[in-house]
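[1] sequence unknown, structure follows:
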């Protein structure tokens, strides 16, 4: 019987052939924590007297969720990470460097790796064909110290997407559509494999958007076979030598196969308060928006900012709609400055933030008021997510977000493209 | 860990996210877990943190604990004194985290349990006795690996005990 991508990668790291359902101890290549989960990971290692890192150069502590710190307790939490980095020699990603998932794909993760990260959107790196999954602080702490973890080899759902998107439809609309179809817990414990010519024709950035949101269907990871696009991306990031082509065997066994025609998809929005509560922009047309947020590990990359800037160029945000733009990383920010997108945003009335998670986590930089509506390019719209249980969060693509910022209400981006 | 647990049911709905259990607006309390525990689940039920008694049970619907990987969520449920969380299904990361911090998570048909029901749970036999309703429910046994971690008092204690994974 052939193997899925998950079975291949986990098997390599367990030192034996594995099949879905098995529980194995697997070697871990990259480990990551962020400022919300890292301090607890460090405290756990201190508690059991295991203050060490197996692979310090591929262990990264990210200060991105509350960066720069908006609170003295968080400043002290950040110092726990800085201290651990000095003591063990692991990498520290400081304020301003960007969101962990974006930094991981830019600089640390390669095809065939296993990455465990103490952040649920660690599945983003699955687009590089790395088995990457989110875990809690203690699991990752042990991974940091010992260089291994225990894993249940997941069953796989194959999601085959064919055909071309209509104008105004993007990878974000596709993944929102998929989550709406399979439900917020439809793929719990499963691995997703995104395949088909639509995926093959996507840029890496678009693929990251898909893999990023695999967890919103409950999945453990969202994998994409590594191909020429992957190779070119790694070359551009200075890691061309790390490329390996990996794909599932033709006769791999899937728990479910879902076929989607890209041409059937319209611009999508997830309405409050669950990601699977998906609607078309048409169904929500006219919903007043108090705040638009463009950024995050889902849609804060250069091409996302390019799409948004293209729509906002020479325009103004609606007077009753605030606009916040947060590039996902320093690299993205610099490129966006050079391309002129940042001045377009500022001239359109946006508040541009330093790279990081920004408003998405509900800590700072855009907390909603009571009854307020935010249209965001992030991945999650749970009640309370943006710092106020009385807020209402809608999720959409950068194009829908930018067009809605001008209109002051949810609109179909095709009206302005 | 005691194998017999007794307490009252606190009923919650489907899709109780980690944002409702340990809100992002209290991010700064993550290095002060006893303080964060005073707010556990308050965004889902404002009375819960002040009224929950040691040994009580959190009873959810499907996909309990979805969202963020924050281990603080099951940890503060445990600190609040909750004996176990019962749900029709759990989100993956929360499930793993719960076991890692030594909080029993039981998958069962929670539709049959109502707010305030007195429950008696036997972890070793996998049974839930709803004393108020005089009905018996069973829960799905945990995978062996997780039973081992839970019995050792969580993952950190397991690794401290053996210096490595010892899950065979």
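    Perfect, thanks for sending it. Fair warning: this is a prediction, and the values are worked out from it, not measured in the lab.

[2] Quick one: the strands in the stretch 51-200 of chain A, in order.
    Assigned by DSSP state E, counting those that start in this stretch, the strands in the stretch 51-200 of chain A fall at A:59-62, A:91-93, A:114-117, A:131-134, A:148-152, A:156-162, A:191-195.

[3] List, one by one, the residues from the stretch 1-150 of chain A near chain B.
    Residues of the stretch 1-150 of chain A found near chain B (C-beta under 8 Å from any C-beta of the partner chain) are A:23, A:25, A:36-37, A:39-40, A:43-44, A:47-50, A:65-66, A:71-74, A:76-77, A:80, A:117-120, A:122, A:134-139, A:141-142, A:145-146, A:148, A:150. The way it works is simple: take the backbone N, C-alpha and C, and place the C-beta from them, glycine included.

[4] Mind doing that once more with 6 Å?
    Contact residues (C-beta under 6 Å from any C-beta of the partner chain) of the stretch 1-150 of chain A with chain B: A:23, A:25, A:39, A:44, A:48, A:66, A:71, A:73-74, A:77, A:118-120, A:134, A:136-138, A:142.

[5] how close does the most centrally placed residue in chain A sit to chain B?
    For chain A, the residue nearest the mean C-alpha position is residue A:212 (3.4 Å; C-alpha atoms, centre = their mean). As defined by C-beta to the nearest C-beta, to the nearest Å, residue A:212 lies at a distance of 14 Å from chain B.

[6] who are the neighbours in contact with the nearest residue to that residue once chain neighbours are set aside?
    Ranked by C-beta to C-beta, 6 or more residues apart in numbering or on different chains and with sequence neighbours excluded, the top spatial neighbour of residue A:212 is residue A:124, at 4.3 Å. For residue A:124, the contact set (C-beta atoms under 6 Å, 6 or more residues apart in numbering or on different chains) comprises A:101, A:208, A:211-212, A:297.

[7] farthest pair in the residues you listed?
    Largest separation among the contacts of residue A:124 by C-beta to C-beta: A:211 and A:297, giving 10.2 Å.

[8] Do I have it right that residue A:273 meets residue A:383?
    Yes. Under the criterion of C-beta atoms under 6 Å, residue A:273 is in contact with residue A:383, at a separation of 4.3 Å.

[9] Just the pLDDT for residue 7.
    The chain I'm using is chain A. Looking at residue A:7, its pLDDT reads 98.

[10] wrong chain, I was asking about chain B
    Looking at residue B:7, its pLDDT is 98.

[11] Check for me that it belongs to a strand.
    Yes. Residue B:7 forms part of a strand when assessed by DSSP: H, G, I helix; E, B strand; the rest coil.

[12] which of the strands of the stretch 51-200 of chain A is buried the deepest?
    When you average the neighbours per residue for each of the strands of the stretch 51-200 of chain A (mean count of other C-beta atoms under 10 Å in any protein chain shown), strand A:131-134 leads with a mean of 30.

[13] which secondary structure elements does that one contact?
    strand A:114-117, strand A:221-223 (3 or more C-beta pairs under 6 Å, 6 or more residues apart in numbering or on different chains; DSSP states H and E).

[14] any idea which helix or strand comes after the last one?
    Sequence order places helix A:228-236 as the next helix or strand after strand A:221-223, per DSSP states H and E.

[15] and that next one, how far out from the chain's middle?
    Here the centre of helix A:228-236 is set off from its chain's centre by 19 Å, with C-alpha atoms, centre = their mean, to the nearest Å.

[16] and it, which residues are buried?
    Of the residues in helix A:228-236, those buried by neighbour count under the rule 16 or more other C-beta atoms under 10 Å in any protein chain shown are A:229-231, A:233-234.

[17] List the contacts of the next helix or strand after that helix.
    Moving toward the C-terminus from helix A:228-236, the first helix or strand encountered (DSSP H and E) is strand A:256-261. By C-beta under 6 Å, 6+ apart, the surrounding residues in contact with strand A:256-261 are A:157-161, A:163.

[18] how many neighbours does the residue in the stretch 101-250 of chain A that chain B sits nearest to have?
    Closest residue of the stretch 101-250 of chain A to chain B, C-beta to the nearest C-beta: residue A:136 (3.4 Å). Residue A:136 sits with 32 neighbouring residues when counted by other C-beta atoms under 10 Å in any protein chain shown.

[19] before we move on, what about residue B:134?
    The burial count assigned to residue B:134 is 7, neighbours taken as other C-beta under 10 Å.

[20] In terms of pLDDT, where does it sit?
    The predicted structure scores residue B:134 at 97 on the pLDDT scale.

[21] do residue B:97 as well
    The predicted local confidence for residue B:97 comes out at a pLDDT of 97.

[22] hang on, the earlier thing: TSV for the strands of the stretch 51-200 of chain A, including mean pLDDT?
    Written out in TSV, the entries for the strands of the stretch 51-200 of chain A read as follows (pLDDT from 0 to 100):
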stretch	mean pLDDT
strand A:59-62	98
strand A:91-93	98
strand A:114-117	98
strand A:131-134	98
strand A:148-152	97
strand A:156-162	98
strand A:191-195	98
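
[23] who wins for neighbours among the contacts of residue A:124?
    Top of the contacts of residue A:124 by neighbour count (other C-beta under 10 Å): residue A:101, with 33 neighbours.

[24] what's residue B:145 in contact with, if anything?
    Residues in contact with residue B:145, defined by C-beta under 6 Å, 6+ apart, are A:23, B:167.

[25] secondary structure element for it?
    When secondary structure is defined using DSSP H and E, the element that contains residue B:145 is helix B:144-151.

[26] Please name the nearest non-neighbouring residue to residue A:99.
    For residue A:99, the spatially nearest residue (C-beta to C-beta, 6+ apart) is residue A:297, at 4.6 Å.

[27] Assign the one you found to helix, strand or coil.
    Remark: residue A:297 carries the secondary structure label helix [criterion: three-state DSSP].

[28] Next one: it from chain B, what distance?
    Noted for residue A:297: a distance of 13 Å to chain B, by C-beta to the nearest C-beta.
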